[in-house]
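In: how would this look folded up:
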Amino acid sequence: MSQIEFYDTRTRTRRAFVPIHPGRVGLYSCGPTVYGPPHIGNLRSRLFSDLLKRFLLSEGLAVTHVINITDVGHLVSDADEGEDKIEAAARKTGKTAEQIAAHYTQVWRDDGAAVNCLPPEHNPKATEHIPEQIELARKLEAGGYLYRIADGLYFDTSRFPRYAELAHLDLAGQSEGARIGVTEGKRNPADFAVWKFAEAGVQRLQEWDSPWGRGFPGWHLECSAMAVRYLGPHFDIHTGGIDLASVHHTNEVAQSECGYGVHPWVELWMHNEFLDMGSEKMSKSKGNVRTLADLVAKGIDPLAFRYFFLQAHYRQQQSFSDEAIQSAATGYRRLQGVARELGVSSDPKSLAPLSANEAAAAEPHRERFRAALADDLNAPKAMAVVWEVARTDALPKAVRRELLRGFDRVLGLRLGEERPMGAGDEWGQDPRIDGMLEARQAAKQARDFAEADRIRDALKAEGVEIVDTPSGARWRRGKPK
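Out: Here you go, the predicted model:
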């Protein structure tokens, strides 16, 4: 059996993955800043960590997954400048910060459920872990890593020689303010806020007392404090979008390794690439986001977006367009049709165990599927195995059914489940085709499966997709094969 290898951002190498604690994995993923609806680029990050978790679970490992909720401290500029994003949203809408955060947290959770992401074991909110954040800041202050200027406490990056290591930053070659802006009084351009002071005369919705006065935590502090709270000071994997590596995750490493006295804080850093929308980067502030709700409004099954995600490697930019998602929806629908025809079900009681010969026939395909995901989570390669099994006539149906059922525990596509029809889908009505379906059903009842398959293949050649539903077989037109 091939060893598991993942690409590590910090070392820029593929590394064999061996859990720190045998049989257990600590996994932390940066979650949403809940001031607006999550877009499909955010959802790609969620799907990536979910696929990673499902694969680790399939390896028999116990996974503790933590995804944070940023409901305070993330300013409109990553440079520790400007208004808090949630405060700004509250001011614009007339709602409280808590109302804004609660609403968009629920949207994020609903979107995750719609694309069949497993819930994290812990989903902590920054506002509910202020004491832990203050305690980390106290440790950093005691170690001499912080200094005070007019607007807050800042981390002195010159005190941490490994600061540039994670993102391989060229700090010397950066111009003043090129990466995280200019704040008057900062000793170094890369220095970042750990605790921000409340401004005199400014009414904020979210402030707390601290040893340094009234204020609120910097954006980076929460992830360090909450990751250690739930996973300990040294854990296995930290994930997030590639845009987080150079600022947010770099700052997390600095304050965590200095505050908790560990190195490395995280064994393996895994980052996913962006969705390529064919223009500028999606941004809530620019108002050019596409959400899962937008796709659903156009008749796209949420799980078709999950299928779309699986068509590209997580470390490659993935081009998104209306044509691409429609194509993915068609592919997903066809795979579902095969799964239903084979009788794939998530209920383990619904299937008889494979015979020894059937199990032996299944094993090479199962191992190739596993090897694809052990190869830095190569989802496209795994999907090629899925489609090979779905299409082949060389394997008994029981073997194909069991393989697809096992694959789906990792892929999360809910194969075999009847899904809502997409936009433009209509059940077909034609006396000739309806008669052929009746003949196919009669052949199946007579256990003449060769005749049933012949009818199915004849209709498939005409571009007719058969969908077996609880109320009987239905059909719709696709493209001739």
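In: now the strand or helix carrying residue 257: average pLDDT?
Out: Secondary structure here is read from DSSP states H and E; on that basis residue 257 sits in helix 250-260. Helix 250-260 comes out with an average pLDDT of 98.
In: can you show me the CA trace of that helix as PDB?
Out: Output in PDB follows, covering the C-alpha atoms of helix 250-260 (Å, rounded to 0.1, in the frame of the first residue of the first chain):
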ATOM      1  CA  THR A 250       2.800  33.800   8.600                       C
ATOM      2  CA  ASN A 251       1.600  35.900  11.500                       C
ATOM      3  CA  GLU A 252      -0.100  32.900  13.200                       C
ATOM      4  CA  VAL A 253       3.200  31.000  13.100                       C
ATOM      5  CA  ALA A 254       5.200  33.900  14.600                       C
ATOM      6  CA  GLN A 255       2.900  34.500  17.500                       C
ATOM      7  CA  SER A 256       2.200  30.800  18.200                       C
ATOM      8  CA  GLU A 257       5.900  29.600  18.100                       C
ATOM      9  CA  CYS A 258       7.000  32.600  20.300                       C
ATOM     10  CA  GLY A 259       4.000  32.500  22.600                       C
ATOM     11  CA  TYR A 260       3.900  28.700  23.200                       C
END
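In: can you list the residues that contact it?
Out: With Cβ atoms under 8 Å, 6 or more residues apart in numbering as the contact definition, helix 250-260 has outside contacts at 136, 139-140, 143, 145, 155, 157, 159-160, 162-167, 169, 192, 194, 220-221, 223-224, 227-228, 233, 238, 262-266. The way it works is simple: take the backbone N, C-alpha and C, and place the C-beta from them, glycine included.
In: what does stretch 405-412 give?
Out: For stretch 405-412, contacts defined as Cβ under 8 Å, 6+ apart pick out 50-51, 54-55, 58, 115-118, 306, 310, 339, 344-346, 351, 366, 369, 373, 382-383, 385-386, 389, 414-416.
In: now, those residues that are in helices?
Out: 50-51, 54-55, 58, 306, 339, 366, 369, 373, 382-383, 385-386, 389 (DSSP state H).
In: for PyMOL, what selects the buried ones among those residues?
Out: Applied in PyMOL, the following selects the buried portion of the ones in helices among the contacts of stretch 405-412 according to 16 or more other Cβ atoms under 10 Å:
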select buried, resi 50+51+54+55+306+339+366+369+373+382+383+385+386+389
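In: tell me the one of the ones in helices among the contacts of stretch 405-412 nearest residue 70?
Out: Using Cβ to Cβ, residue 50 is the member of these that lies nearest residue 70, at 19.0 Å.
In: which residues touch the closest one?
Out: With contact taken as Cβ under 8 Å, 6+ apart, residue 50 is in contact with 112, 117, 118, 412.
In: and residue 441, helix, strand or coil?
Out: Recorded secondary structure, residue 441: helix (DSSP: H, G, I helix; E, B strand; the rest coil).
In: confirm for me that it is in contact with residue 473.
Out: Yes: Residue 441 lies in contact with residue 473 (Cβ atoms under 8 Å); the separation is 6.3 Å.
In: and those two? Which one has more around it.
Out: Just comparing residue 441 and residue 473: by other Cβ atoms under 10 Å the higher neighbour count belongs to residue 473, 18 against 15.
In: nearest to residue 40, of the ones in helices among the contacts of stretch 405-412?
Out: When these are compared against residue 40 (criterion: Cβ to Cβ), the nearest one is residue 306, at 11.2 Å.
In: for residue 213, see how far away that closest one is.
Out: Distance check for residue 306 against residue 213: by Cβ to Cβ, to the nearest Å, it reads 47 Å.
In: same check, this time on residue 204
Out: Counting by Cβ to Cβ - residue 204 and residue 213 are separated by 13 Å.
In: so for these two, which residue has more residues nearby?
Out: In this view residue 204 and residue 213 are compared by other Cβ under 10 Å, and residue 204 has more residues nearby, 17 against 12.
In: correct me if wrong: the more buried one contacts residue 84.
Out: Yes: in terms of Cβ under 8 Å, residue 204 counts as a neighbour of residue 84; the distance is 7.5 Å.
In: which neighbours do residue 204 and residue 213 share?
Out: With Cβ under 8 Å, 6+ apart applied, the overlap between the contact sets of residue 204 and residue 213 consists of residue 198.
In: what segments of the stretch 51-200 of the chain are helices?
Out: Assignment of helices within the stretch 51-200 of the chain using DSSP state H, counting those that start in this stretch yields the ranges 85-93, 97-114, 130-142.
In: got CSV for these, with distance to residue 433, mean neighbour count and mean pLDDT too?
Out: Rendered in CSV, the data for these read as follows (distance: least, Cβ to Cβ, whole Å; neighbours: other Cβ atoms under 10 Å; pLDDT from 0 to 100):
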stretch, distance to residue 433, mean neighbour count, mean pLDDT
helix 85-93, 53, 18, 85
helix 97-114, 33, 18, 95
helix 130-142, 63, 19, 98
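In: got the angle for the helix holding residue 257 vs helix 130-142?
Out: Relative orientation of helix 250-260 with respect to helix 130-142: 80 degrees, computed using axes from the mean of the first three to the mean of the last three Cα atoms, to 10 degrees.
In: shared neighbours, residue 204 and residue 84?
Out: Common neighbours of residue 204 and residue 84 are listed as residue 216 (criterion: Cβ under 8 Å, 6+ apart).
In: ok, back up a step: of the ones in helices among the contacts of stretch 405-412, the lowest pLDDT goes to which?
Out: Lowest pLDDT of the ones in helices among the contacts of stretch 405-412: residue 339, 94.
In: so which of the helices of the stretch 51-200 of the chain gets nearest residue 24?
Out: Ranking the helices of the stretch 51-200 of the chain by their distance to residue 24 (criterion: Cβ to Cβ) puts helix 130-142 first, at 22.1 Å.
In: need the residues that contact the closest one.
Out: The list of residues contacting helix 130-142 from outside it, by Cβ under 8 Å, 6+ apart, reads 126, 146, 153, 155, 194-195, 208, 210-211, 217, 221-222, 224-226, 228-229, 255, 258-260.
In: buried ones among the residues you listed?
Out: The neighbour count (16+ other Cβ under 10 Å) marks 126, 146, 153, 155, 194-195, 208, 210, 217, 221-222, 224-226, 228-229, 255, 258-260 as buried among the contacts of helix 130-142.
In: isn't residue 234 right up against residue 262?
Out: Yes: under the criterion of Cβ under 8 Å, residue 234 lies in contact with residue 262, with a separation of 5.3 Å.
In: quick check: end-to-end length of stretch 159-171?
Out: Criterion Cα to Cα, to the nearest Å; first-to-last residue distance in stretch 159-171 is 14 Å.
In: buried ones in it?
Out: By neighbour count on 16+ other Cβ under 10 Å, the buried set for stretch 159-171 is 159, 160, 163, 164, 165, 166, 167, 169.
In: do the same with stretch 63-78
Out: 63-75, 78.
In: which ones are touching residue 42?
Out: Listed by Cβ under 8 Å, 6+ apart, the contact partners of residue 42 are 32, 108, 241.
In: let's verify residue 404: helix, strand, or coil?
Out: With three-state DSSP as the criterion, residue 404 reads helix.
In: save the helices of the stretch 51-200 of the chain as a markdown table, and put in distance to residue 398 too.
Out: Output for these, formatted as a markdown table (distance: least, Cβ to Cβ, whole Å):
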| stretch | distance to residue 398 |
| --- | --- |
| helix 85-93 | 53 |
| helix 97-114 | 31 |
| helix 130-142 | 52 |
